[in-house]
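>>> What shape does this take:
(chains A, B, C and D)
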2 protein chains.
Amino acid sequence: MPYETDIFDTLRHRLMTNGFEHGQKVRAEHLRQEFNCSASTIREVLFRLSTLGLVEFQEQRGFRVPQKSREVIHELTHLRVLLEAEGTALSIRRGGVAWEARLTAAHHHLSHLETRLNTATDKSPFVDLWFGAEAQFHETLISACGSQTLIETHHRVYCRFRQQLMVEDREFDFISNNIRQHQQILDAAMSGDAALTRQKIHDHLARHLMPEDEVAVA
Amino acid sequence: MPYETDIFDTLRHRLMTNGFEHGQKVRAEHLRQEFNCSASTIREVLFRLSTLGLVEFQEQRGFRVPQKSREVIHELTHLRVLLEAEGTALSIRRGGVAWEARLTAAHHHLSHLETRLNTATDKSPFVDLWFGAEAQFHETLISACGSQTLIETHHRVYCRFRQQLMVEDREFDFISNNIRQHQQILDAAMSGDAALTRQKIHDHLARHLMPEDEVAVA
DNA sequence: TTTTGATGGAATTTCGAAATTTCGTGATTT
DNA sequence: AAATCACGAAATTTCGAAATTCCATCAAAA
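Have a look, this model is predicted:
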């Protein structure tokens, strides 16, 4: 495996989980020293990360970590609802038992973690695990939609969404609501009711939407 | 302006309008000679193009032009309907007179070209103009949605869609239907009826959808 | 005080070549 | 004949440095 891929994965993880400040300039030279490689290699990695929207490229001005803003969170949430609701509805139609099994497993994993998070005083050992399990659950929801394009598009949106919330979501104040909402999404999906599932996905994400213009899901 | 941007624009245009064969490997070395620059520069441009999905990157295997397939066209169309319908509905609510003016202008431009295309025997002088005007119209539809994220996401999908159809759409057999459909989208949008507009956008793109699972727009 | 302009250091971009990996061809083995 | 292997050519990846551009600082002018 080329070394570049290691750097890519390391930086992606860091960009999504509190390793960089929002709006900060990415110092390619510093990273070059940290990873002990050439400037071109870092530059390439940053271009690949910009594919996911985790850094922004500006001509002659290098790369930046996107600013955090309520508007961007609203927009990303809007798209998540649109794509996850659609992808899940398709999965319900086409997924079959195999998908239901995967979804149940993903939810069980997530649910287990969230229950422990809910009671733990020191949440730090669970943070990374939770990020992974939450991503897994939402990816699994749409995984049987049959559209690789939708999955990739959603992945980009999800990465940026997670990045926007990487600081405040570490406190897990929302966790007890989340447990209930994830359960409701699972139940609705298992019951085969696409419209209800769309609604539950919307409800789950609604706290990140700004009030003025709601996302229409019905 | 850095030279790289020229190369980027040149290749993007070529990738969207018949300059490469679907599935073809992109010969970085050939491009390096053609543009008389270094390998790294070409490599960077290709990474930037992969952000739009116009080339696919595979580790140690270079870049390829995506294969054309009915499935991919279906998926891209599905997403176009989802994103354009949503973006247009938002534009109707938030765009105001300025947006209506831009949309009318874009439609007028497109309509003028399509009328001429409909009668011309040699359509080649209009091909590039039409690609530009058609893109402009559909971009304008969603331009007042208020979500830069939605606009960028749609742009990627639109680029890939156009690339998938770059060969067959050069015959313009569909042109008389298109004239009517673009008009209907404009009329619906101007009337302020979001649901009808969604329907018309769906109808316009429906010929690219595979029959089995239709896109739900209502 | 505000604006304009020069200057030097730092960051970005581009280059050409070296190191590594892939891929096609044909020989050898089973 | 089919499969495996070795080899060389071609492509990809990485490097380190040169060329260019940006940006903060400070001086000079309005």
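
>>> Write out the residues of chain A neighbouring DNA strand D.
A:2-4, A:36-41, A:44, A:60-61 (C-beta under 7 Å from any atom of the strand). Bear in mind the C-beta positions are built from the backbone N, C-alpha and C, glycine included.

>>> For chain A, give me the ranges with low pLDDT.
A:1-2, A:212-218 (pLDDT under 70).

>>> before we move on, the earlier item: and of the residues of chain A next to DNA strand D, the nearest to B:Gln148?
A:Arg61 (18.4 Å; C-beta to C-beta).

>>> I'd like to know how many residues surround the closest one.
Close neighbours of A:Arg61, defined as other C-beta atoms under 10 Å in any protein chain shown, add up to 9.

>>> same question, the one 10 residues further on
Under the neighbour criterion other C-beta under 10 Å, A:Glu71 is assigned a count of 13.

>>> Contacts only, for it.
A:Glu71 sits next to A:Met210 when contact means C-beta atoms under 8 Å, 6 or more residues apart in numbering or on different chains.

>>> From A:Asp193, how far off is A:Ser176?
25 Å (C-beta to C-beta, to the nearest Å).

>>> hmm, back to that, which of the residues of chain A next to DNA strand D count as buried?
A:4, A:40-41, A:44 (16 or more other C-beta atoms under 10 Å in any protein chain shown).

>>> Give me the subset of the residues you listed lying in strands.
Using DSSP state E, no member of those falls within strands.

>>> which residue is nearest the middle of chain A?
A:Tyr158 (3.4 Å; C-alpha atoms, centre = their mean).

>>> how far is whatever helix or strand it lives in from where the chain is centred?
A:Tyr158 is part of helix A:148-164, with elements assigned from DSSP states H and E. Mean-position distance between helix A:148-164 and its chain equals 6 Å (C-alpha atoms, centre = their mean, to the nearest Å).

>>> biggest separation within the buried ones among the residues of chain A next to DNA strand D, which pair?
A:Glu4 and A:Ser40 (9.9 Å).

>>> Tell me how far the most far-flung residue of chain A relative to its centre lies from A:Gln136.
In chain A, the residue that sits farthest from the middle, by C-alpha atoms, centre = their mean, is A:Ser38; the gap is 30.4 Å. Distance, A:Ser38 to A:Gln136, by C-beta to C-beta: 35 Å.

>>> One more: A:Gly95?
On the measure of C-beta to C-beta, A:Gly95 and A:Gln136 end up 16 Å apart.

>>> What separation do you get for A:Glu34 and A:Phe47?
Taking C-beta to C-beta, one finds A:Glu34 at 18 Å from A:Phe47.

>>> Looking at chain A, which residue is nearest DNA strand C?
A:Gly62 (2.2 Å; C-beta to the nearest atom of the strand).

>>> Can you get me a residue count around the residue nearest to A:Leu90 when sequence neighbours are not counted?
Nearest residue to A:Leu90 in three dimensions, chain neighbours excluded: A:Cys145, at 3.8 Å (C-beta to C-beta, 6 or more residues apart in numbering or on different chains). For A:Cys145, the neighbour count with other C-beta under 10 Å is 27.

>>> tell me the secondary structure for A:Cys145?
Recorded secondary structure, A:Cys145: coil (DSSP: H, G, I helix; E, B strand; the rest coil).

>>> circling back to that earlier point, please name the residues that touch the residue of chain A closest to DNA strand C.
A:Gly62 neighbours (C-beta under 8 Å, 6+ apart): A:25-26, A:28.

>>> Would you format the residues you listed as TSV with secondary structure and neighbour count included?
Listed next are the contacts of A:Gly62 as TSV, based on DSSP: H, G, I helix; E, B strand; the rest coil; neighbours: other C-beta atoms under 10 Å in any protein chain shown:
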residue	secondary structure	neighbour count
A:Lys25	strand	13
A:Val26	strand	20
A:Ala28	helix	17
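
>>> Closest to DNA strand D out of those?
A:Lys25 (8.5 Å).

>>> So for the helix or strand where A:Ala188 lies, what gets flagged as buried?
Assigned by DSSP H and E, A:Ala188 belongs to helix A:175-191. Buried positions in helix A:175-191, judged by neighbour count with 16+ other C-beta under 10 Å: A:175, A:178-179, A:181-182, A:184-186, A:188-189.

>>> Next, count neighbours for A:Thr5.
12.

>>> can you tell me which residues contact it?
B:Glu59.

>>> which residues pair with A:Val26 across the strands?
A:Phe63 (DSSP bridges).

>>> Quick check: it vs A:Phe20, distance?
Counting by C-beta to C-beta - A:Val26 and A:Phe20 are separated by 7 Å.

>>> shouldn't the residue nearest to A:Leu90 be in contact with A:Arg94?
Yes: applying C-beta atoms under 8 Å, one finds A:Cys145 in contact with A:Arg94, separated by 7.2 Å.

>>> So which residues on chain A come close to chain B?
A:1-2, A:5, A:40, A:43-44, A:47-48, A:50-51, A:57, A:59-60, A:72, A:75-76, A:78-79, A:82-83, A:86, A:89-90, A:93-94, A:146-150, A:153, A:156-157, A:160, A:213, A:216 (C-beta under 8 Å from any C-beta of the partner chain).

>>> out of those, which touch DNA strand C?
Among the residues of chain A next to chain B, DNA strand C is touched by A:2, A:40, A:43, A:59-60 when using C-beta under 7 Å from any atom of the strand.

>>> Looking at the residues you listed, which is nearest A:His108?
A:Pro2 (35.9 Å).

>>> Can you pull the phi/psi pair for A:Phe57?
phi -100, psi 130 (degrees, to the nearest 10).
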